[in-house]
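>>> Following is a predicted model, sequence given first.
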Amino acid sequence: MSDATQHPDADAWARACAEDLDAERARRRGPAGPPPGTAAEELRKLVDAVADKVASLRTPLLGAGAQNAVQQLVSQAKSAVEPVIERNPEVFDHLAAAGSELLAAYRSAVEGQERRWTQGRPTAGKDDGLGGGRGRDDREGPDPSEHIDLD
């Protein structure tokens, strides 16, 4: 008996999988919502969202006076942040870019260390100032006392 007669729905299964894959790709290409704004606009949205959330919190653990104090604190913080955003919107773009660079540097350092651990290469010895390893086989992961030097 041929393979096609033994499994007559094999082609149907392959077609169904291809259709599902095409549908998923189309869904992912669809509209993803509005693109993010500048860092200053996003900070303003964050401050507004936090202020709205705090305003909507009604907890019986806090008395009315404490709730009013929290709302007043949020209002003061919002009024302090707004002028800074208005006068220096580009500062927040620079801070966002700097944060991205710091995150990339951290990732690079951690990925390098993880690569050494997973490849089983010994890490630096304690006396060379690079921290932590004792020349052991690190395939099982880092020594809990090992220090990752990010300098």
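Yes, it's here.
>>> And the longest helix belonging to the chain, what's buried?
Counting by DSSP state H, the longest helix found in the chain is helix 89-119. Neighbour-count burial for helix 89-119, counted by 16 or more other CB atoms under 10 Å, picks out F92, Q113, R116, W117. In this view, the C-beta of every residue, glycine as well, is placed from N, C-alpha and C.
>>> can I get those in TSV with distance to E19 and pLDDT?
TSV is the format used below for the buried residues of helix 89-119 (distance: CB to CB, whole Å; pLDDT from 0 to 100):
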residue	distance to E19	pLDDT
F92	45	85
Q113	44	86
R116	45	83
W117	42	84
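>>> Can you find the helix or strand in the chain with the smallest mean pLDDT?
The helix or strand of the chain with the poorest confidence is helix 3-6; it has a mean of 54 (mean pLDDT, DSSP states H and E).
>>> pLDDT of the helix or strand following it, averaged?
Next along the chain after helix 3-6, taking DSSP states H and E as the criterion, comes helix 10-29. Across helix 10-29, the average pLDDT comes to 86.
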